[in-house]
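Q: Build me a structure from this.
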Amino acid sequence: TMALLAALEERCGCRTEAQAFRAHVAVEDLLQKWELPLRAHLQLRQQEATKALQPLLVGPAALSAEMQIRAAARLEAEQAAEKETEGDAGGERHAKPAKA
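A: Predicted coordinates:
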């Protein structure tokens with residue numbers, strides 16, 4: 001529709017005629033009728049996209065639970081690494097000192 005209006009404007013002899021064409025009641029009516037379906041179409045497409053992405057979105061409660069699980073796993077890994085380091089360091093303490 002917009003391409004059609006642009007092509008018709010190009011056929012106008014001068015800028016004043018093109019402005020008069022755009023201001024005509026029939027053109028304004030066409031644009032208003034075009035705008036409503038366009039908005040409805042865009043809203044429908046947005047709803048479809050939102051519906052498709054909804055399963056991928058995580059709510060605050062789920063996100064909080066996931067963060068707690070990850071924090072607990074990280075803490076366990078750090079504690080296990082500390083125990084392993086302490087075990088290695090303890091083994092070195094029992095080793096005989098090197099002669100000077």
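
Q: Please enumerate the helices of this protein.
A: For the chain, the helices defined by DSSP state H cover 2-10, 15-23, 25-53, 60-94.

Q: would you turn these into a markdown table with mean neighbour count and mean pLDDT?
A: Bear in mind the C-beta positions are built from the backbone N, C-alpha and C, glycine included. As requested, these are exported to a markdown table (neighbours: other CB atoms under 10 Å; pLDDT from 0 to 100):
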| stretch | mean neighbour count | mean pLDDT |
| --- | --- | --- |
| helix 2-10 | 11 | 86 |
| helix 15-23 | 12 | 88 |
| helix 25-53 | 10 | 83 |
| helix 60-94 | 10 | 78 |
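
Q: what's near enough to touch Asp29?
A: By CB atoms under 8 Å, 6 or more residues apart in numbering, no residues touch Asp29.

Q: Quick check: it vs Leu5, distance?
A: 12 Å (CB to CB, to the nearest Å).

Q: and if you look at Arg15?
A: Taking CB to CB, one finds Arg15 at 15 Å from Leu5.

Q: Also Arg45?
A: 23 Å.

Q: And for Gln19?
A: Gln19 is 13 Å from Leu5, by CB to CB.

Q: Overlap of the contact sets of those two?
A: In contact with both Gln19 and Leu5: no residue, using CB under 8 Å, 6+ apart.

Q: List the contacts of the residue nearest to Leu8 when sequence neighbours are not counted.
A: The spatially closest residue to Leu8, leaving aside those adjacent along the chain, is Phe21, at 6.6 Å (CB to CB, 6 or more residues apart in numbering). Residues counted as contacts of Phe21 (CB under 8 Å, 6+ apart) are 8-9, 12, 27.

Q: Kind regards, and thank you for your time.
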